[in-house]
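Q: fold the following, please.
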Amino acid sequence: MSAALREDRRKLAVLIDADNVSPKLCEALIQEIANYGVASVKRAYGDWTTPQLSSWKDILHEYAIGPMQQFSYTTGKNSTDSSMIIDAMDLLYTDKFDGFCLVTSDSDFTKLATRIREFGLVVYGFGEKKTPTSLQAACDKFVFLEALDVPQDEAKKGDSKTSSPRSKKFTKQKLNQDAKLINMLRGAVDATSDEAGWANISFVGQHIANQSSFDSRNYGYRKLSELIEVTELFDTDKRNVRDDGSYTLYIRDKRFKN
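A: Sure, this is the predicted structure:
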């Protein structure tokens, strides 16, 4: 079975922190998760007796998301977090899943993501740009909710979390000032390149995915190739151009010397 097919068939447990996620993002979120596997379990956590979660109720039915009730027994403490963590561990121990999707911006879930990965399961994280780097790094892949393609009719409703359907593109200057990003790109190219310094961009992307939760959309670019082109730090070479216009892209660090 191919790696791509295997990923499509992954059984995923989707756990949503409804207290901190807008229901207007749900359609885009479910579509994104479908790229990684089948959402075998979908649960949203919060105190459903409170008015602030009322806008979630129609969404729950539409996407067959199970509402998990958690009363706020103590002011100032987020009992939703504890409920999600306990459920996640229960699901983990069933040994029925290939991965988890944690939809939250709360750093309290960092240890949970780490524990799940220690069991050999993949963890996809979804949260706002304000999500602490500790949680982002704990996931195999982390996608900013602002980077998802929110339907225009939802975006026009004025929700601050969905008013911009896609992350603003980083400029060349801003990308190149991100030393961590540039070092990661150059390191991946160097690790996957041939003797002439050329690297297949697919291998570059896989190498990056193996070591970080990187997603080019978090910088405003749908594809890694688009982001790399903007930096102007790499030469590009289109190979095996086919009749339908598709091709295999190779890149090389402009600093490379034969």
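
Q: so where do the helices sit in the stretch 1-150 of the chain?
A: Applying DSSP state H, counting those that start in this stretch to the stretch 1-150 of the chain gives helices spanning 3-8, 26-33, 57-62, 79-93, 110-118, 133-138.

Q: give me the contacts around the second one.
A: Read it as helix 26-33. Outside helix 26-33, the residues within contact range by C-beta atoms under 8 Å, 6 or more residues apart in numbering are 12, 14, 39, 59, 62-63, 65, 101, 103, 124, 126, 143, 145, 148-151, 154. C-beta coordinates here come from the backbone N, C-alpha and C atoms, glycine included.

Q: local confidence estimate at N210?
A: Here, the pLDDT recorded for N210 equals 80.

Q: what sits up against the host helix or strand of it?
A: Assigned by DSSP states H and E, N210 falls within helix 201-211. By C-beta under 8 Å, 6+ apart, the residues outside helix 201-211 that reach it are 140-141, 184-185, 188-189, 191-192, 214, 224-225, 228, 248-251.

Q: give me that answer again for 7 Å
A: The contact list for helix 201-211 (C-beta atoms under 7 Å, 6 or more residues apart in numbering) reads 141, 184, 188-189, 191-192, 214, 224-225, 249-251.

Q: and after it, which helix or strand comes next?
A: helix 224-231.

Q: and the gap between L148 and E27?
A: Distance, L148 to E27, by C-beta to C-beta, to the nearest Å: 9 Å.

Q: and if you look at A196?
A: Counting by C-beta to C-beta, the gap from A196 to E27 is 45 Å.

Q: where is the longest strand in the protein?
A: With residue count as the measure and DSSP state E as the assignment, the chain has strand 38-46 as its longest strand.

Q: so it versus helix 26-33, what angle?
A: Here strand 38-46 runs at an angle of 140 degrees relative to helix 26-33 (axes from the mean of the first three to the mean of the last three C-alpha atoms, to 10 degrees).
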